[in-house]
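> Generate a structure from the sequence data that follows.
(4 chains)
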Number of protein chains: 4
Amino acid sequence: MCRWIAYRGETVPLERYVTEPAHSLVVQSLKAKESVGATNGDGFGLGWYGDRAEPGLYREVRPAWSDENLKHLCRHIRSPVFFAHVRAATGTPTTRPNCHPFVHGRWMFMHNGQVGDWSLIRRRVEELIPDEFYKSRVGTTDSEAVFLAILGGGADADPIAATMRTLTTLTELVSTSGTTEPLRFTAALTDGQSLYAFRYAYGGSANTLYYRETGHSVVVVSEPLDMDREFWKPVPPGHLITSRSDKPVLLEPFPQIARLAAE
Amino acid sequence: MCRWIAYRGETVPLERYVTEPAHSLVVQSLKAKESVGATNGDGFGLGWYGDRAEPGLYREVRPAWSDENLKHLCRHIRSPVFFAHVRAATGTPTTRPNCHPFVHGRWMFMHNGQVGDWSLIRRRVEELIPDEFYKSRVGTTDSEAVFLAILGGGADADPIAATMRTLTTLTELVSTSGTTEPLRFTAALTDGQSLYAFRYAYGGSANTLYYRETGHSVVVVSEPLDMDREFWKPVPPGHLITSRSDKPVLLEPFPQIARLAAE
Amino acid sequence: MCRWIAYRGETVPLERYVTEPAHSLVVQSLKAKESVGATNGDGFGLGWYGDRAEPGLYREVRPAWSDENLKHLCRHIRSPVFFAHVRAATGTPTTRPNCHPFVHGRWMFMHNGQVGDWSLIRRRVEELIPDEFYKSRVGTTDSEAVFLAILGGGADADPIAATMRTLTTLTELVSTSGTTEPLRFTAALTDGQSLYAFRYAYGGSANTLYYRETGHSVVVVSEPLDMDREFWKPVPPGHLITSRSDKPVLLEPFPQIARLAAE
Amino acid sequence: MCRWIAYRGETVPLERYVTEPAHSLVVQSLKAKESVGATNGDGFGLGWYGDRAEPGLYREVRPAWSDENLKHLCRHIRSPVFFAHVRAATGTPTTRPNCHPFVHGRWMFMHNGQVGDWSLIRRRVEELIPDEFYKSRVGTTDSEAVFLAILGGGADADPIAATMRTLTTLTELVSTSGTTEPLRFTAALTDGQSLYAFRYAYGGSANTLYYRETGHSVVVVSEPLDMDREFWKPVPPGHLITSRSDKPVLLEPFPQIARLAAE
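All right, here's what the predicted structure looks like:
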């Protein structure tokens, strides 16, 4: 189980959320609290938007807690939209291409969860990826495959609908795959403008998701960055949040999957 | 273009061929001679058989020339059958799972070459891998996919026939894929007992392959390890060599592909 | 605080102690029990004796728990004397030369502990290393410096006396350095024949040390490898154990330091 | 022998000089031209000034040519003063702390060269570093030691004088050390405001150094980044250049060492 943080709002140095808080993401790489495994030491990644449409990306296989480069980058990079992720691998190797976030064009994605028994349904998930996007598959994780499937499902036109369609298909694949392992999908997606975060599971409990809104800025996290629990709102399972420019965060149930999972 | 060495014969310390010769594989990682690119610094690997049926494996993303671990292992590991490989990447990332050799059960494989325009035919090559072997696909290289396709093609029963069948299919895939990039396959395969090495190309020149036989031992290489050129016999394109216990090395034309390529 | 294991006895595959036990060293890299910090993910190392006087060495900056190479080496290397170590850094960077064990000629050493406030006394400890051994200083840890000081103090002639002399000097340096940070020295030393392990501290509690003797074999560990607590004998602070060929393990108080620390 | 580039001038994305030119620094990591060894694959580093007094730093042990992170950072980081360096190790291990540039407070330094036979004079060079700066010694290279010696020699007050004093002492150390190996010092130093670059050698030829001035911007390099040779001015041995805000680049002979070396 991984830990992550997504930010959208005023331009800030990344350190404000990634390295400085009492229970920062880097602290969570060593000692997470709301996670089965406390250690998230199987690599990490950082993605941020600057003055280009495509995000910058820094991914590394070493644990986040001892990476001097990460400290430097978090001090020196300022961004209005960024993701950071510390990984606890669930079967696929610890390589840079298997570290989150994943980027493709202006899109960026990261994930905490699993897609059933990956060894059973991997091929069918990879078949969801159109050729155009399959060329960008540089790693072997379920998460990257799901990201490319969402892009192939029409994220450019409607990212929420593309995600719902993909989750519907994944739920079907997992439910018919003969495994009892769950589909867990606690993920963030952005095009550099709007930020989407999803909490969902099929066949098991959903991984935790919280957010904190301050003025026009929002921080979305796997677990709170500090002890001020009252400021952190949980996202219920089967819900998603959307943060758009100059608008308050919108929390809503999944338009489609919630139904499916309830049936 | 990569460089590699395969050994089968009396039990020797790996250093005798990997690190000690004047033009050892480690020297070739920095300064290869018979190669388009002289530097093979995109990771390396070492696989050897000891007292188990399955080989041991050491793969690393750093260049071979500066790896202290490699020197230690080559000094301290003795083996009757081993492979060593230094990589020059042709598009896929520098990760440990993308480094050669690849192992599966008692089988081990390494490759110097390319499979046409990989981004065009990757999916169709991966479809050649039966589900049973697809679970072992931990990297993203063409080489690992070809290895698993050969295993899926019946290497246990007849490794040469399985390799011929796979090369026939790959040749068809490349020739109909609309690319002008060649299929190059200079590869070694072993089950820990017998050693097979192949030199083949379609649509371009075949990568070099040599061998040197001494008593009951054979060394097969991308390029000679020393200046005693007369002792190194070149393997012609479309040919393979087989080294079996207590038998001289057998050099022969491909039983099948040679025909295909000639047609 | 680090975790380590030292073995001397019948030739066995390293996996028997490093990777297979319920609470193996690799498990301890993720979840140690008798340690302030449970995670020992700042690199690891493996050193073993084979058919040469000098030991082989494999050190890596990635966590032990996810290193495929380590699993392969532990399965395939058999040795009568070996060390394995997982590191929790105490200030010096995570680099291979800073990972334990350290080797010099036929000697090998590893350490769990600290040498007071290293930034204060580093220069004076490095001055203890004779020029002849200073050339071998490739890292920046206190542990490597202490090892080279012990070698410079005459380990070839009398390893226990050389260690006692070095610990006496270190105790003086720490006690007069103006720091309140302790000297902790729970360490193993071998020349490939005899095995020595020490437990000592000045200015704080000594890090734990246990051993288990079976026939002519002994395993010395930071913490027991399984739940059979009765088989694991603790080494008291200020004590050392010696394991020599065909002799039972000898547990004895420090001949010199015990006095010093008691005064 | 390493390759490096230093920039001072208008704020530009780092890619303009590090990755984009025909003979960019990343190309030089694989195929340098004016260097004994063509490959500079023993790690690399990037240091840049943003909106803080202290520079940001990214250093990595893998070769620059295959590092995806480096490409991303060079595309996304913009800076008015930055250094980039690709390393060819001369004896010290390939670790991140041994990669250039080195930073301390607002100072940054990088080096191409060697300090005689380092194993002979290392201790005496380290003695040049005052305790205050010795605490910052995290690696083992001659280059880092020289940097800290320069800082200890009063760089804050007069960086050129501090460098001259240090080079005078180093020249004496090398000339009296009994080695025939040269002192080579082709280096860049900056406090984030002014840029200093030095070319010097004792006992051998000086490593190459060039610069190109365009408006108020200057690029200083080990070897030209493109074929427009006429725009690249060589810096003669025993000379230094200074680039200060709103002033043309000043090329001048060493005020002190030139004399010494001539005597």
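
> Surely A:Leu14 is in contact with A:Ile77?
Yes: A:Leu14 is in contact with A:Ile77 according to C-beta atoms under 8 Å; the separation is 5.3 Å. Using the backbone N, CA and C atoms, a C-beta is placed for each residue, glycine as well.

> joint contacts of those two?
Contact criterion C-beta atoms under 8 Å, 6 or more residues apart in numbering or on different chains; residues shared by A:Leu14 and A:Ile77: A:Trp48.

> which helices and strands sit right next to the helix or strand where A:Gln28 lies?
Assignment of secondary structure by DSSP states H and E places A:Gln28 within helix A:25-31. Using 3 or more C-beta pairs under 8 Å, 6 or more residues apart in numbering or on different chains; DSSP states H and E as the contact test, the elements touching helix A:25-31 are strand A:3-13, helix A:15-18, strand A:78-86.

> Name the residues of that helix that come out as buried.
Within helix A:25-31, the residues that count as buried by 16 or more other C-beta atoms under 10 Å in any protein chain shown are A:25-30.

> Which pLDDT value does the model give A:Met1?
We have a pLDDT of 71 for A:Met1.

> Pull the contacting residues for it.
Listed by C-beta under 8 Å, 6+ apart, the contact set of A:Met1 reads A:32, A:35-37, A:40, A:88, A:90, A:112-113, A:207.

> Also A:Leu225?
Contacts for A:Leu225 (C-beta under 8 Å, 6+ apart) come out as A:5, A:17, A:21-25, A:219.

> excluding its backbone neighbours, what's nearest A:Tyr58?
Spatial nearest neighbour of A:Tyr58, chain neighbours left out: A:Leu46 (4.5 Å); criterion: C-beta to C-beta, 6 or more residues apart in numbering or on different chains.

> could you point out which element follows the host helix or strand of that neighbour?
Per DSSP H and E: A:Leu46 is located in strand A:44-48. Once strand A:44-48 ends, the next helix or strand along the chain (criterion: DSSP H and E) is strand A:56-60.

> In PDB, could you pull the C-alpha coordinates for that following strand?
Provided in PDB are the C-alpha atoms of strand A:56-60 (Å, rounded to 0.1, in the frame of the first residue of the first chain):
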ATOM      1  CA  GLY A  56       8.300  17.600 -14.900                       C
ATOM      2  CA  LEU A  57       9.000  14.200 -13.300                       C
ATOM      3  CA  TYR A  58      11.500  12.800 -10.800                       C
ATOM      4  CA  ARG A  59      11.400   9.100 -10.000                       C
ATOM      5  CA  GLU A  60      13.900   7.100  -8.100                       C
END
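
> So which residues make contact with that strand?
Strand A:56-60 is contacted by residues A:43-50, A:67, A:69-70, A:73, A:77, A:96-97, A:99-101, A:103, D:68-69, D:72-73, D:75-77 when judged by C-beta under 8 Å, 6+ apart.

> Report the inter-axis angle for the helix or strand following that strand versus strand A:78-86.
Note on strand A:56-60: by DSSP H and E, the next helix or strand toward the C-terminus is helix A:68-76. Helix A:68-76 and strand A:78-86 are oriented at 150 degrees to each other (axes from the mean of the first three to the mean of the last three C-alpha atoms, to 10 degrees).

> Could you list the buried residues of the longest helix along chain A?
In chain A, assigned by DSSP state H, the helix with the most residues is helix A:159-175. Neighbour-count burial for helix A:159-175 flags A:159-160, A:162-171, A:173-174 (criterion: 16+ other C-beta under 10 Å).

> Distance-wise, check A:Leu70 relative to chain C.
12 Å (C-beta to the nearest C-beta, to the nearest Å).

> how close does A:Thr242 sit to A:Phe198?
Taking C-beta to C-beta, to the nearest Å as the measure, A:Thr242 falls 10 Å from A:Phe198.

> give the contact list for A:Met65.
Check again: residue A:65 is Trp, not Met. A:26-27, A:29-30, A:41, C:41.

> mind checking how far A:Gly238 is from C:Val249?
For A:Gly238, the distance to C:Val249 - C-beta to C-beta - is 61 Å.

> What's the local residue count around the closest residue to chain B within the stretch 1-150 of chain A?
Residue nearest to chain B within the stretch 1-150 of chain A: A:Thr95 (3.8 Å; C-beta to the nearest C-beta). If you count neighbours by other C-beta atoms under 10 Å in any protein chain shown, A:Thr95 ends up with 26.

> do A:Leu209 as well
27.

> just checking, it touches A:Ser222?
Yes: applying C-beta under 8 Å as the test, A:Leu209 and A:Ser222 come out as touching, 6.8 Å apart.

> Mutual contacts of the two, please.
Between them, A:Leu209 and A:Ser222 share these contacting residues under C-beta under 8 Å, 6+ apart: A:Thr186.

> Pull the contacting residues for A:Ile150.
A:109, A:159, A:162-163, A:166, A:189.

> Pull out the buried residues from the strand or helix carrying A:Ile121.
A:Ile121 belongs to helix A:118-127 when assigned by DSSP H and E. Of all the residues in helix A:118-127, those buried under the rule 16+ other C-beta under 10 Å are A:118, A:120-122, A:124-126.

> In TSV, list these along with pLDDT and distance to chain D.
Converted to TSV, the buried residues of helix A:118-127 look like this (pLDDT from 0 to 100; distance: C-beta to the nearest C-beta, whole Å):
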residue	pLDDT	distance to chain D
A:Trp118	91	24
A:Leu120	88	31
A:Ile121	92	28
A:Arg122	94	24
A:Arg124	94	29
A:Val125	96	24
A:Glu126	95	22
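
> Need the max-distance pair from the residues you listed.
Using C-beta to C-beta, these reach their maximum pairwise distance at A:Leu120 and A:Glu126, which is 12.6 Å.

> Common neighbours of the two, please.
By C-beta under 8 Å, 6+ apart, no residue touches both A:Leu120 and A:Glu126.

> what about A:Ser245, neighbour count?
10.

> Local confidence estimate at the nearest residue to it once chain neighbours are set aside?
Once flanking residues are discounted, A:Ser245 sits nearest to A:Gln193: 6.6 Å by C-beta to C-beta, 6+ apart. A:Gln193 carries a pLDDT value of 97.

> if I pick A:Gln193, what's in contact with it?
For A:Gln193, the contacting residues are A:81, A:244-245, by C-beta under 8 Å, 6+ apart.

> in which helix or strand would I find it?
For A:Gln193, there is no host helix or strand (DSSP H and E).

> Please tell me how far it sits from A:Arg8.
Using C-beta to C-beta, we find A:Gln193 at a distance of 9 Å from A:Arg8.

> got any residues that touch both of these two?
Residues touching both A:Gln193 and A:Arg8 (C-beta under 8 Å, 6+ apart) are A:Val81.

> before we move on, the earlier item: may I see the PyMOL selection of the buried members of the contacts of A:Met1?
Of those, the buried ones go into a single PyMOL selection, burial set by 16+ other C-beta under 10 Å:
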select buried, chain A and resi 32+35+40+88+90+112+113+207
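
> Looking at the contacts of A:Met1, which are in strands?
Among the contacts of A:Met1, DSSP state E puts A:112-113 in strands.

> Which one of the contacts of A:Met1 is nearest to chain C?
A:Gly37 (8.1 Å).

> Give the full set of residues in contact with that closest one.
Contact partners of A:Gly37, counting by C-beta under 8 Å, 6+ apart, are A:1, A:88.

> The longest helix of chain A vs helix A:118-127, what angle?
In terms of direction (the same axes, to 10 degrees), helix A:159-175 departs from helix A:118-127 by 140 degrees.

> what's the following helix or strand after helix A:159-175?
Criterion used, DSSP H and E; the element after helix A:159-175 is strand A:183-190.

> ok, back up a step: from the contact counts, what lies against the strand holding A:Leu46?
Packing contacts for strand A:44-48, counted by 3+ C-beta pairs under 8 Å, 6+ apart, involve strand A:56-60, helix A:68-76, strand A:78-86, strand A:107-115.

> Mind putting these into TSV with distance to B:Leu57?
As requested, these are exported to TSV (distance: least, C-beta to C-beta, whole Å):
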stretch	distance to B:Leu57
strand A:56-60	23
helix A:68-76	29
strand A:78-86	28
strand A:107-115	27
